[in-house]
Each structure stands twice: as C-alpha cells, then as structure tokens.
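Student: Model the structure of this input:
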Amino acid sequence: MNVESAPHLATLQRLQSGEEHALFSVFQLYVYDSSVRDGEELEEDGRFGICPDNISAYVLDADKAAYWIKVNGALAGFVVTEPVELADGTIVEEFADLFIVKKHRRRGLALDVARQLLIGQDKPWLVAVYRDDFEAAEFWKSAFARLPFRAVRSHADPSLPQFLLYLING
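Tutor: Next comes the predicted model:
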C-alpha cells in the first residue's frame, strides 16, 4: 500500500470558537518540548511566555486555521496553518506548527497529518524548519521523499537565516 492511499491514522478536527484556551494549554507543551533548543524559560506564573491572543488568532481569524490531531477520539496534538508573504510578495499557506504528544509519536501521525493537509492542494505551501531542529528536518526530508508532492524546492529568505525553508507545489 502506498502512502497516498494509506488509511488515516489521525483525525483532524478544526478548532471552533471557544477552544482557544485549550489550544493555548497544549501550545505550552509544544513550547516546553522545544525549550531545550529555543532556550525558552518559564515565566513567574509557571507558563512559557507565549501570547494567548496570538494563539487565539489561529482559531478566530478567518485566514488562519488550527486543527486537533486525534487518535481513536483522544487528543494527540495540533497543527496550525497561516498565510505568509514571501519576499517577492507572493502569499503562500504556511504549515506553521505541528505538535504530537510523546505517547503518540513514532507512529506515522505527523506524516499522515502532512498528507491530509497538503496532498491534493493546488495552492503553494511553505514549510519552515529551524536549522538546528534535526528531528524536524529529518521528518520533512522523509516526507518530501514519501509523499507525492507536485514539486518541492528550497526557498531562500535572507531575513530568516535560522530556518530551512521549502516551497511545496510553488
């Protein structure tokens, strides 16, 4: 069975108004996970310093999207997308942040989520990976090889030297 026709491992459920606080809570786990690499410190209130309004925008703004990743009905993570403008003025959709709780990792969920969101889309997408996030870089390298994208190419943006950037279908 090829990856394109494989059964879905995860269910993607778009967040609805009223779920912003839950997304903010799970985003705290995401920031915790990356704090070793990013150097984030806990604030005095015991949380990481992410802005609740920025997280709420993924749910409330019409041009952004947030999805719960569920496995057999249980919450296993989230993925968020948003439009971004490239240096040449082109607007593309960014596969912005993907988080899967440790219990559900190494099962193919991230690849399944990428397949569900990106395959069959004609619009261009941007994937940005921190240069020092070797795990994410390896995941995307594998995804680019395994998923039937129309095109994948590196993208350079001198204003974002901390990222490896890839344009999909662009």
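Student: Can you give me the buried ones in the helix or strand bottoming out on mean pLDDT in the chain?
Tutor: In the chain, the helix or strand scored least confidently by mean pLDDT, DSSP states H and E is helix 20-38, which has a mean of 89. Residues of helix 20-38 classed as buried: 20, 23-24, 26-28, 30-31, 34 (neighbour count, 16 or more other Cβ atoms under 10 Å). (C-beta placed from N, C-alpha, C; glycine too.)
Student: among these, which two are most distant?
Tutor: Largest separation among the buried residues of helix 20-38 by Cβ to Cβ: Glu20 and Ser34, giving 20.7 Å.
Student: If we ignore the residues flanking it in sequence, what's nearest Ala96?
Tutor: In space, and not counting its chain neighbours, Ala96 is closest to Val80: 4.8 Å by Cβ to Cβ, 6 or more residues apart in numbering.
Student: quick one, the strand ranked longest in the chain and helix 20-38 angle?
Tutor: Longest strand in the chain, counting residues (DSSP state E): strand 74-85. Between strand 74-85 and helix 20-38, the angle comes out at 80 degrees (axes from the mean of the first three to the mean of the last three Cα atoms, to 10 degrees).
Student: Give me the buried stretch members for strand 74-85, please.
Tutor: 76-82.
Student: And the next helix or strand past that strand?
Tutor: strand 91-100 (DSSP states H and E).
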